[in-house]
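Participant: Here's a sequence, model it:
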Amino acid sequence: MIQKINRYCNERYTYSRFTMDEVTVPLLRLMIGNIMSQAQVGTGKHAYMVREIYCGFDIETYSMSKRKACMYVWQFSIGRSVIKGRTWDDFIRLLSLIETAYQLDKKHRLIVWVANLGYEWQWMRRYLNVTDYFFKTNRSPLYIQHADCIDFRECLTISGGSLKYLARTYCNTQKAIETGFDYKKARHSYTPLTDLEEDYCDNDVLVLTEWSEYIFKTYIKPQHYIPLTMQSIIRKKIHKACVKWWHDIGHEDTKELLATLRELQPTEGQYQLMSRWVFRGGFVHGNVRYIGEEIDRPGSLDETSEYPNAMINDYVPGKFKNDKNIKTIDDILHASRIKKQCVIAVITFHDIRARWDHSIESKSKCIALDSPIIDNGRIRCARSMTVALTELDLELYLKFYTWESAKVEGAMTARRIYLPSYVVQPMCEDYKLKHDLKARGEDYAVPKAFANSYYGVICQKLNTSEVVLTEDGELTEGPAKPYLEQIRKRELLFQWAIYITAQARYDVLSTIYTLTKCGYRVYYSDTDSIKVDNPDACMWVFEQYNKRKQAQVRKTCKRLGLNISVFWDIGSFDNEGKYFKYKYLGAKRYIGTKLSKKGTIELQQTIAGLPKDALMNTYSTHQECFDAFHDGMVVHCSGKLTSHYIDEPIDFEVEDYLGNIATVHEESAISLMPSDFTLNMDSAWLNMVESIQRDNAGKEDRG
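Facilitator: Numbering: from 1, shown residues only. Alright, predicted model coming up:
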């Protein structure tokens, strides 16, 4: 045994390190003080007990090539003790000792937390006796049970972010400094580790020990359940509020509640139309006229809590019914503007084209499309186009497109309602907690994450397949449960998600329309933010919008009994200041220089597929980054790792960085290989961009 000081903990506590040669059943009992407190999970015949023992598990691996990788050390924390092993045989022996020491069985289990369980699962899956499981996808397990009694559980789907974020948000122990461990060094199970490397490995599971304690005290002991994801926690809050709401309005039988909610759900055919063709995300797009230009001092304005704003302030639909009376676009506008109905219609537009430099419809949402010109994935013009739209989307079409004719292929309508209190109330409670903690100068990351995740729970789609583990330990996809079975206990309607995103898009795009119509240049939009030229001159547009929004919020607070001092700015645009220089190459591809909190000029980079700060790690100056940021840009050693799954047993020799050679065997593995990043832009789109920009330059010369 070695006693160590945890150098990465704010409280600097002492912990113990053991090798597998030292581990015995009495020692395992001694680690928990021979007192096995426990807590109940679930109720009724499905209830079981979990030992209140805080555990975490992690491995370190070396990737030699795409088809060769090995595990060379694992660490298992039990409270403030860390057990380290070098082979999978040692790991299975430890699980057997733990099962005996803590008297585990199907009704008395141990929970072991893992950061990125999918990675560890790929390595250990043929060594475990899997008796239960839950997979998000075939490579993403959330829960793996070994021998009916040891549950390995994923933590990052609950905490959000990385292990570093988890440690910063929930723990005293922080993630170790990555420079303390060089993953590029060749290692195998016989390679000695330095003290610094040992400490680095220990720290990852000591973080998970603290996380385990947090889960026990927050969920398992008081609420008797173990969350799988952050969304599952929110669903439980909504369920509790829903049952209370049902009782408050005079009903007792919760079976009647579920039957009532089922009546409001869309039919299976309506759901298929909604989920595939009607549901759209945020508007992420760049003005084609200024693609690739270095823009001086544009302003950035961001809408505060865009989705929570739409959820409390704006209407959503009730149950949709087919409406044969809607045959034209005028009928849709009448139903929407006069009768105040929600409308979803399938419409075919002929000879449609964009009015402005902003193309708003995504190619992926076109049911049928003839002879289109595509603007970075969005429709600039087409001979004909069939889409499924809400009345809000149609209002945006009227602002951003023009067409020769349009035919309504079919429509359905619903009564406008507000989101029920059982959804809004718990979200507002988390939003208020975030506000209060922030006002007191305390950490507010957890309630902020919750408040921003309610929308994600509502828009969660039904399963199209389920992951099945075969008898020989292989994964396969099986059919999903039937539609009616999947919606049987759902308290949320998918049409609400459609309208929350539609309302949010309408807020942003109607603001872009006003700016454009008034002659201001809007460069880029990223869901809830707008990058605009000469922000000082056009600030009145945002001020007028904020004035209208805050008047709406006052009415909402009165209706819901909310504190206006907490919610007054929700949905309003916040001025985030100016960039010194800004450049974009399409959706999720932009860089800019701004003043940091430290008072220095920093480069902000958002490039899909490229790790943060990769450009600044590659080039010496900001200007070099701007010069390199173009079609065909290659970033070598980008920091991005590509996963290569090895599903068959492998045997090979590894020579470590000290010159020691060992023969390696793995039943399955993942090789993480560094990869270069290449920025490629569609050639047809580039030709269109060049044509438009040449035309624009000619007009400016003539003007």
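Participant: Excluding covalently adjacent residues, which one is nearest to Ile59?
Facilitator: The spatially closest residue to Ile59, leaving aside those adjacent along the chain, is Trp74, at 4.5 Å (CB to CB, 6 or more residues apart in numbering). All C-beta spots, glycine's among them, are computed from the backbone N, C-alpha and C.
Participant: the helices in the stretch 451-600 of the chain, which residues?
Facilitator: For the stretch 451-600 of the chain, applying DSSP state H, counting those that start in this stretch gives helices covering 454-458, 483-486, 494-517, 535-560, 564-567.
Participant: out of these, nearest to Thr464?
Facilitator: Between Thr464 and the helices of the stretch 451-600 of the chain, the tightest spacing by CB to CB is seen for helix 483-486, at 10.2 Å.
Participant: Low-confidence stretches in the stretch 601-703 of the chain?
Facilitator: Counting by pLDDT under 70, the ranges of the stretch 601-703 of the chain that qualify are 696-703.
Participant: and the closest residue to Ile646 other than its chain neighbours, how many residues sit next to it?
Facilitator: The shortest distance from Ile646 to any residue other than its chain neighbours is 4.3 Å, reached at Ala669 (CB to CB, 6+ apart). Using other CB atoms under 10 Å as the criterion, Ala669 is surrounded by 22 other residues.
Participant: Enumerate every residue touching Ala669.
Facilitator: Thr61, Ala69, Cys70, Met71, Gln122, Trp123, Ile646, Ile650 (CB atoms under 8 Å, 6 or more residues apart in numbering).
Participant: The fourth one falls within a strand, correct?
Facilitator: If I follow you right, that is Met71. Yes: note on Met71: a strand contains this position according to DSSP: H, G, I helix; E, B strand; the rest coil.
Participant: tell me the pLDDT at it?
Facilitator: As predicted, Met71 sits at a pLDDT of 97.
Participant: With Ile177 as the reference, measure out to the residue nearest to Ile59.
Facilitator: Per CB to CB, to the nearest Å, Trp74 is found 21 Å from Ile177.
Participant: which one of those two has more residues nearby?
Facilitator: Trp74 (25 against 12).
Participant: can you map out the helices along the stretch 201-350 of the chain?
Facilitator: 221-223, 230-248, 254-264, 268-273, 306-313, 329-333.
Participant: Please identify the most buried of the ones you listed.
Facilitator: Relative to the other members of the helices of the stretch 201-350 of the chain, helix 306-313 carries the highest mean neighbour count by mean count of other CB atoms under 10 Å, namely a mean of 24.
Participant: Which strands and helices lie in contact with that helix?
Facilitator: Based on contacts counted as 3 or more CB pairs under 8 Å, 6 or more residues apart in numbering; DSSP states H and E, the elements that helix 306-313 packs against are helix 421-439, helix 454-458, helix 494-517, helix 535-560.
Participant: Tell me if Ile692 really is in a helix.
Facilitator: Yes: counting by three-state DSSP, one finds Ile692 located in a helix.
Participant: Just give me the neighbour total for it.
Facilitator: Residue neighbour count, defined by other CB under 10 Å, stands at 18 for Ile692.
Participant: now swap in Asn172 and tell me
Facilitator: Here the number of neighbours of Asn172 (other CB under 10 Å) works out to 15.
Participant: ok, now how distant is it from Tyr54?
Facilitator: Per CB to CB, Asn172 is found 13 Å from Tyr54.
Participant: do Asn313 as well
Facilitator: Look at Asn313 and Tyr54: by CB to CB, they are 42 Å apart.
Participant: do Leu261 as well
Facilitator: Between Leu261 and Tyr54 the distance, using CB to CB, works out to 38 Å.
Participant: Next: Arg415.
Facilitator: According to CB to CB, Arg415 stands 50 Å off from Tyr54.
Participant: Please apply the same query to Ala101.
Facilitator: Ala101 sits 15 Å away from Tyr54, going by CB to CB.
Participant: quick revisit: now tabulate the helices of the stretch 451-600 of the chain in CSV and tack on mean neighbour count, distance to Lys340 and mean pLDDT.
Facilitator: Conversion of those to CSV gives the following (neighbours: other CB atoms under 10 Å; distance: least, CB to CB, whole Å; pLDDT from 0 to 100):
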stretch, mean neighbour count, distance to Lys340, mean pLDDT
helix 454-458, 22, 22, 95
helix 483-486, 13, 30, 94
helix 494-517, 22, 14, 97
helix 535-560, 15, 16, 97
helix 564-567, 16, 24, 97
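Participant: Ala662: which of these is closest?
Facilitator: Comparing these against Ala662 with CB to CB, the closest turns out to be helix 454-458 (45.8 Å).
Participant: And that closest one, how far out from the chain middle?
Facilitator: Remark: helix 454-458 is offset 11 Å from the chain centroid, using CA atoms, centre = their mean, to the nearest Å.
Participant: buried sites along the host helix or strand of Met385?
Facilitator: Per DSSP states H and E, Met385 falls inside strand 378-390. With burial defined by 16 or more other CB atoms under 10 Å, the residues of strand 378-390 counted as buried are Arg378, Ile379, Arg380, Cys381, Ala382, Ser384, Met385, Thr386, Val387, Ala388, Leu389, Thr390.
Participant: And for stretch 16-33?
Facilitator: Of the residues in stretch 16-33, those buried under the neighbour-count criterion (16+ other CB under 10 Å) are Ser16, Arg17, Phe18, Met20, Val23, Leu27, Leu28, Arg29, Met31, Ile32.
Participant: List the contacts of Thr464.
Facilitator: For Thr464, the residues meeting the contact criterion (CB under 8 Å, 6+ apart) are Ala480.
Participant: Ramachandran angles for it?
Facilitator: Main-chain dihedrals, Thr464, degrees, to the nearest 10: phi -100, psi -10.
Participant: what's around the residue nearest to Ser465 when sequence neighbours are not counted, how many residues?
Facilitator: Taking CB to CB, 6+ apart, and ignoring the residues beside it in sequence, Ser465 has Glu477 as its nearest neighbour in space, at 4.5 Å. Glu477 is flanked by 13 other residues according to other CB under 10 Å.
Participant: Arrange the helices of the stretch 451-600 of the chain in JSON lines, one row each, with distance to Asp430 as further columns.
Facilitator: Output for those, formatted as JSON lines (distance: least, CB to CB, whole Å):
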{"stretch": "helix 454-458", "distance to Asp430": "8"}
{"stretch": "helix 483-486", "distance to Asp430": "27"}
{"stretch": "helix 494-517", "distance to Asp430": "16"}
{"stretch": "helix 535-560", "distance to Asp430": "15"}
{"stretch": "helix 564-567", "distance to Asp430": "12"}
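Participant: I'd like to know which of these is closest to Ile78.
Facilitator: Ranking the helices of the stretch 451-600 of the chain by distance to Ile78, with CB to CB as the measure, places helix 454-458 first at 34.0 Å.
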